[in-house]
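Participant: Would you be able to build a 3D model of this:
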Amino acid sequence: MASTGELIAGRYRIETRLGRGGMGTVWRARDELLGRAVAVKELHVDDALTPEDAQRQQERTLHEARSVAQVKHPGILVLHDVVRYEERPWLVMELIDGWSLADRMAAEGPLPPAEAGRIALALLGALRAAHTAGVLHRDLKPANVLLEAESGRVVLSDFGIAQVAGQTRLTQTGAFVGSPEYTAPERMSGQRSGPASDLWSLGVLLCAAVAGESPFHRDSVAGVLHAVVLDEIALPDTLGPLLPVVRGLLERDPERRLTVTAAEQALRAALDDPTPLTPPTPPTPRPTPTPTLTAPAP
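Facilitator: The predicted structure follows:
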């Protein structure tokens with residue numbers, strides 16, 4: 001664990017800790033070469049990994065970081081640098097002067113539908129740019145959405161790193177690491193995921209922002225898994241004009257789920273007209289497959 005005043009890779013001076021999560025600790029730091037403030041993420045190392053697995057994990061992290069660095073969009077957090085220090089990679093990123101959507105919800109409560117819709121539109125633009133470049137987010141949730149205080153800019157962080165670091169998946173021990181409430185059912189069931197999986201997560205985020213919690217919130221991980229894959233999805237009336245949009249994003253069959261373009265059209269229509277609307281027709285539907293939930297026995 002880094003400490004205040006420590007110099008990382010001979011360049012980045014640690015100042016204060018900004019936050020800590022399952023994947024790493026984020027620090028405010030000073031780039032002493034360019035004289036600017038940056039955010040530095042210290043990636044955690046799983047002590048249970050063998051040295052070989054730890055090395056492969058670091059290599060995948062660097063590969064993902066290179067991919068994300070190619071995506072240029074104002075709604076995506078800028079990755080300045082990746083350095084090695086104390087036998088692990090550190091990510092040097094743009095510093096956002098503001099707070100996360102999760103922090104805002106915790107301090108102020110649920111958002112008005114119009115404000116939540118504005119944030120969702122910004123996130124759709126970021127997802128479009130990333131998906132066009134072949135990059136998936138894989139861990140879209142309020143804690144990874146940053147809100148810049150002065151400009152109101154919405155920024156999506158932690159792109160692509162979640163899967164590399166073992167987030168949002170069942171581990172070999174059966175423990176779920178990450179954000180199961182925001183994870184698409186096809187990923188829960190072990191099926192191949194794609195851009196549609198990020199759109200499911202956006203639907204959950206939009207619902208949570210307005211209602212105060214995810215529609216899949218339960219008292220146990222097993223309950224969350226069952227709710228995501230099998231339970232009837234009950235959406236709150238507080239979504240108002242956003243209700244059809246969220247419903248279209250939370251189609252369990254990825255082929256029937258709203259695309260980025262369809263979701264943008266539906267959101268813009270919802271924000272211009274306060275009455276509920278019917279979302280654009282998704283791709284031709286096919287029979288919804290019976291989901292299979294694979295999980296270790298209790």
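Participant: CA atoms for contacts and neighbours, from now on please.
Facilitator: Noted.
Participant: Can you tell me how far residue 157 is from residue 202?
Facilitator: The gap separating residue 157 from residue 202 is 14 Å, by C-alpha to C-alpha, to the nearest Å.
Participant: check contacts around the residue positioned nearest the centre of the chain.
Facilitator: Nearest to the geometric centre of the chain sits residue 140, at 1.7 Å (C-alpha atoms, centre = their mean). Residues in contact with residue 140, defined by C-alpha atoms under 8 Å, 6 or more residues apart in numbering, are 182, 198, 201, 202, 205.
Participant: Over to residue 6?
Facilitator: Counted by C-alpha under 8 Å, 6+ apart, residue 6 has contacts 13, 14.
Participant: redo that, cut-off 10 Å
Facilitator: With contacts defined as C-alpha atoms under 10 Å, 6 or more residues apart in numbering, the neighbours of residue 6 are 12, 13, 14, 15, 29.
Participant: and if you look at residue 158?
Facilitator: Under the criterion of C-alpha under 10 Å, 6+ apart, the contact list for residue 158 reads 23, 41, 65, 68, 76-77, 79, 137-140, 143-145.
Participant: Most widely separated two among the contacts of residue 6?
Facilitator: The distance between the two most remote of the contacts of residue 6 (C-alpha to C-alpha) is 9.3 Å, for 12 and 15.
Participant: Overlap of the contact sets of these two?
Facilitator: Between them, residue 12 and residue 15 share the contacting residues 5, 6, 28, 29, 30, 37, 39, judged by C-alpha under 10 Å, 6+ apart.
Participant: measure the first one to residue 27 for me?
Facilitator: Read it as residue 5. Applying C-alpha to C-alpha, the value for residue 5 to residue 27 is 11 Å.
Participant: Give me the more crowded residue out of those two.
Facilitator: Between residue 5 and residue 27, residue 27 has the larger neighbour count (other C-alpha atoms under 10 Å), namely 24 against 13.
Participant: For residue 48, report the pLDDT, please.
Facilitator: Among the per-residue scores, residue 48 shows a pLDDT of 77.
Participant: Would you mark the buried spots in stretch 259-270?
Facilitator: 259, 260, 262, 263, 264, 266, 267, 269, 270 (16 or more other C-alpha atoms under 10 Å).
Participant: got TSV for the residues you listed, with secondary structure, pLDDT and distance to residue 209 too?
Facilitator: Compiled in TSV, those are given as follows (DSSP: H, G, I helix; E, B strand; the rest coil; pLDDT from 0 to 100; distance: C-alpha to C-alpha, whole Å):
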residue	secondary structure	pLDDT	distance to residue 209
259	coil	97	20
260	helix	97	19
262	helix	97	20
263	helix	97	17
264	helix	96	17
266	helix	95	18
267	helix	95	15
269	helix	93	19
270	helix	92	16
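Participant: was I right about residue 269 contacting residue 241?
Facilitator: Yes: judged on C-alpha atoms under 10 Å, residue 269 makes contact with residue 241 at a distance of 9.0 Å.
Participant: what about the strands in the stretch 51-200 of the chain?
Facilitator: Taking DSSP state E, counting those that start in this stretch to define them, one finds strands in the stretch 51-200 of the chain at 79-85, 88-93, 98-100, 145-148, 154-156, 169-170, 176-177.
Participant: re the thing from before, among the contacts of residue 158, name the buried ones.
Facilitator: If you count burial by 16+ other C-alpha under 10 Å, the buried members of the contacts of residue 158 come out as 23, 41, 65, 68, 76-77, 79, 137-140, 143-145.
Participant: Out of the residues you listed, name the ones that lie in helices.
Facilitator: 65, 68 (DSSP state H).
Participant: can you redo the buried ones among the contacts of residue 158 as a markdown table with distance to residue 224 and pLDDT?
Facilitator: Conversion of the buried ones among the contacts of residue 158 to a markdown table gives the following (distance: C-alpha to C-alpha, whole Å; pLDDT from 0 to 100):
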| residue | distance to residue 224 | pLDDT |
| --- | --- | --- |
| 23 | 21 | 72 |
| 41 | 29 | 90 |
| 65 | 30 | 79 |
| 68 | 30 | 81 |
| 76 | 29 | 94 |
| 77 | 29 | 92 |
| 79 | 33 | 90 |
| 137 | 21 | 90 |
| 138 | 17 | 88 |
| 139 | 16 | 89 |
| 140 | 17 | 94 |
| 143 | 18 | 92 |
| 144 | 20 | 92 |
| 145 | 22 | 96 |
